[in-house]
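**Student:** Give the three-dimensional model of this entry:
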Amino acid sequence: MEFNSKEYTYCDMNVIVGGKEIIGLRGIEYKSKKNKEVLFGRGGMGKSIQHGKREYDGTLTVLQSEIIALDQSAKEKGFKDCLDLDFQIIITYMGDNGVLTMDKVLGASLTEVPKGLKEGDMNMEIALPFIALDVKPNLD
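**Tutor:** Below is the predicted model:
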């Protein structure tokens, strides 16, 4: 039996935001959270775990040129800037065996656009936090 322990790499990933491939992508992080708490009654031990709402958020890290393109896209749609856009993020990973794995972040919206440079920087890398309505992992 042949064993291959190769994992996905950054080079195996492609990210599409609002229908546009992000060439200036420097990183992406997205997560699903579910509120939970232990329900206590009499005594010192928990009686059950209570389940609450789900939340989705993340950070898209891009080069400045991608912010300019997102702002331009927003203006073409009649918005002020990219903070007014809601969009879908599609993340694909190509495995060593040629199998494509896809995650979809639905109803994503940027919450802020920080900018800044410091001495010695040769480009502007911007971390864009976002919230979302849902994350669909491992789609075919």
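
**Student:** Okay, now the unreliable bits of this structure?
**Tutor:** The model of the chain has pLDDT under 70 over residues 1-6, 140.

**Student:** Can you list the residue ranges for helices in the protein?
**Tutor:** 64-76 (DSSP state H).

**Student:** Tell me what the most centrally placed residue in the chain is bridged to.
**Tutor:** Closest to where the C-alpha atoms of the chain average out (CA atoms, centre = their mean) is residue 30, at 3.9 Å. Beta-bridge partners for residue 30, by DSSP bridges, are residue 58.

**Student:** now the one 10 residues further on
**Tutor:** When bridges are assigned using DSSP bridges, the partners listed for residue 40 are residue 46.

**Student:** Tell me, how many residues neighbour it?
**Tutor:** Neighbour count for residue 40, taken as other CB atoms under 10 Å: 11. In short, each C-beta sits where N, CA and C put it, glycine included.

**Student:** can you check residue 89 too?
**Tutor:** Neighbourhood size, residue 89 [other CB under 10 Å]: 22.
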